[in-house]
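J.: Here's a sequence, model it:
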Amino acid sequence: MGFFDKIFGKKEKESLDQGLQKTKENFFSKITKAIAGKSTVDDEVLDDLEDALVSADVGIETTVKIIERIEARVAKDKYLNTTELNNLLQAEIEHILVDAPSSNSYDFHSELPSKPYIILVVGVNGVGKTTTIGKLAYNFKQAGKNVLLGAADTFRAAAVDQLTIWSERAGVPIVKQAMGSDPAAVAFDTVQSAVSKQADVALIDTAGRLHNKAHLMEELSKIKRVIQKVIPGAPHEVLLVLDGSTGQNALEQAKHFTAATDVTALAITKLDGTAKGGVVLAIANQFRIPVKFIGVGEKLEDLLVFDKHEFVDSLFSLEK
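T.: Residues are numbered from 1 along each chain as shown. Next comes the predicted model:
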């Protein structure tokens, strides 16, 4: 695998393959049905292929882009047969992802761009935000990083409790205050502590409310302002966590959060429990924000650094 060995060992590749199994089975059964008994790629095949893409939650806009490119290829080659369709489809899906912006890709072992590296984590309640923070903390610590958590979601008692449990599981310290405390004050304390303790990375949880976008924007802006009093230019990353199993609803959440704050990276969770993994393509295509992490299971190790090429390879390597 060359370059990808840096991020994807055998274990990570197996996790990715297994995590995408439901999406692959749904997707390929529909593609197989679309081309059954056909010798060439005709309008009917393309219509069925379009249905297969939409049902995998690739999204209308992204599906249309893929179908148009395949139509252009069919028109050019005239006699494109269905045995070539999988290869062509794989190439077009990879093209969609490769055209999307790349993150400043790093694996958990890489040296981070700043120290301490401040990651502000946003997302609605229930998407796996707290779990993602816990998994990030665990993986960074396993890679030898000094990690600190900040519990700035102070409006929901369970959020602080859950993050505390994750801090214990990952074996990393946590900065927290009483429920109802000012989230910006917790964020400020977290960053101050990260500096004094010479932490490599600080992960700060935030409230997961969407019903009032103006209030959300105001709160996140305040958190950024107080963080920058300690470290100018921080946070270095605003990571939006989305639940992949919600399909198009994840796109709606992304619209709201990207309007409310400067999201710089995405983590897409729960891909192992859904046949809607195509939403990764829709999100990458529509928002032009790098997908940095994907969740493919319950284990601490099942949060993977997203790799476009490996994702497409796993999507098309259906186990018989």
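J.: can you pull out the strands in the stretch 51-200 of the chain?
T.: 117-122, 147-151, 174-175 (DSSP state E, counting those that start in this stretch).
J.: Strand partners (parallel or antiparallel) of the first one?
T.: Sheet neighbours of strand 117-122, with direction, are listed as strand 201-205 (parallel), strand 237-243 (parallel) (DSSP bridges).
J.: Between strand 147-151 and that strand, find me the angle.
T.: Inter-element angle recorded for strand 117-122 and strand 147-151: 30 degrees (by axes from the mean of the first three to the mean of the last three CA atoms, to 10 degrees).
J.: now strand 117-122, how far from the chain's geometric center?
T.: 14 Å (CA atoms, centre = their mean, to the nearest Å).
J.: Let me know the average pLDDT across it.
T.: Throughout strand 117-122, pLDDT has a mean value of 96.
J.: Comparing the strands paired with strand 117-122, which comes out most buried?
T.: strand 201-205 (a mean of 29; mean count of other CB atoms under 10 Å). Where you see a C-beta, it was placed from the backbone N, CA and C, and this is true even at glycine.
J.: Give me the mean pLDDT for that strand.
T.: Averaged over strand 201-205, pLDDT sits at 97.
J.: For the following helix or strand past it, give me every contacting residue.
T.: Next in sequence after strand 201-205, counting helices and strands by DSSP states H and E, comes helix 213-230. Defining contact as CB atoms under 8 Å, 6 or more residues apart in numbering, one finds that helix 213-230 is touched by 118, 120, 122, 152, 183-185, 187-188, 191-192, 195, 204, 206-207, 209-210, 234-235, 256, 259-261.
J.: buried set for helix 213-230?
T.: Buried residues in helix 213-230, defined by neighbour count with 16 or more other CB atoms under 10 Å: 216, 219-220, 223-224, 226-227, 230.
J.: What of stretch 156-168?
T.: Going by 16+ other CB under 10 Å, stretch 156-168 has these buried residues: 159-160, 162-163, 166-167.
J.: Could you identify the buried members of the contacts of helix 213-230?
T.: Of these, these count as buried by 16+ other CB under 10 Å: 118, 120, 122, 152, 183-184, 187-188, 191-192, 195, 204, 206-207, 210, 234-235, 260-261.
J.: helices and strands around the helix or strand of the chain with the lowest mean pLDDT, which ones?
T.: Counting by mean pLDDT, DSSP states H and E, the chain has its least confident helix or strand at helix 21-35, which shows a mean of 76. Helices and strands touching helix 21-35, as assessed by 3 or more CB pairs under 8 Å, 6 or more residues apart in numbering; DSSP states H and E, comprise helix 43-55, helix 85-99, helix 308-315.
J.: Show the backbone phi and psi for the spatially closest residue to residue 155 that is not a sequence neighbour.
T.: Nearest non-adjacent residue to residue 155, counting by CB to CB, 6 or more residues apart in numbering: residue 207, 5.2 Å away. In terms of degrees, to the nearest 10, the main-chain angles of residue 207 are phi -70, psi 140.
J.: Residue 304 now?
T.: Backbone torsions for residue 304, taken as degrees, to the nearest 10, come to phi -110, psi 140.
J.: Is it correct that it is in contact with residue 293?
T.: Yes: with contact defined as CB atoms under 8 Å, residue 304 counts as touching residue 293 (6.7 Å).
J.: out of the two, which sits in the more crowded spot?
T.: residue 304 (24 against 20; other CB atoms under 10 Å).
J.: so which of the strands paired with strand 117-122 comes closest to residue 285?
T.: strand 237-243 (14.3 Å; CB to CB).
J.: so that closest one versus helix 213-230, what angle?
T.: Going by the same axes, to 10 degrees, strand 237-243 makes 140 degrees with helix 213-230.
J.: Please enumerate residues in contact with strand 237-243?
T.: Defining contact as CB under 8 Å, 6+ apart, one finds that strand 237-243 is touched by 117-123, 126-129, 132, 249-250, 253-254, 257-258, 261-270, 283, 289, 292-293.
J.: Filter those down to just the buried residues.
T.: For the contacts of strand 237-243, buried by 16+ other CB under 10 Å: 117-123, 127-129, 132, 249-250, 253-254, 257-258, 261, 263-270, 283, 289, 292-293.
J.: check contacts around the residue nearest to residue 155.
T.: 152-156, 159, 183, 216, 219.
J.: from those, which has minimum pLDDT?
T.: Ranked by pLDDT, the contacts of residue 207 bottom out at residue 216, which has 77.
J.: Just to check, residue 150 is in contact with residue 206?
T.: No: counting by CB under 8 Å, residue 206 is not a contact partner of residue 150; they are 9.2 Å apart.
J.: Now the residue nearest the centre of the chain. Nearest residue, chain neighbours left out?
T.: Taking CA atoms, centre = their mean, the centroid of the chain lies closest to residue 267, which sits 2.4 Å from it. Distance criterion CB to CB, 6+ apart; nearest residue to residue 267, sequence neighbours excluded, is residue 293 at 4.0 Å.
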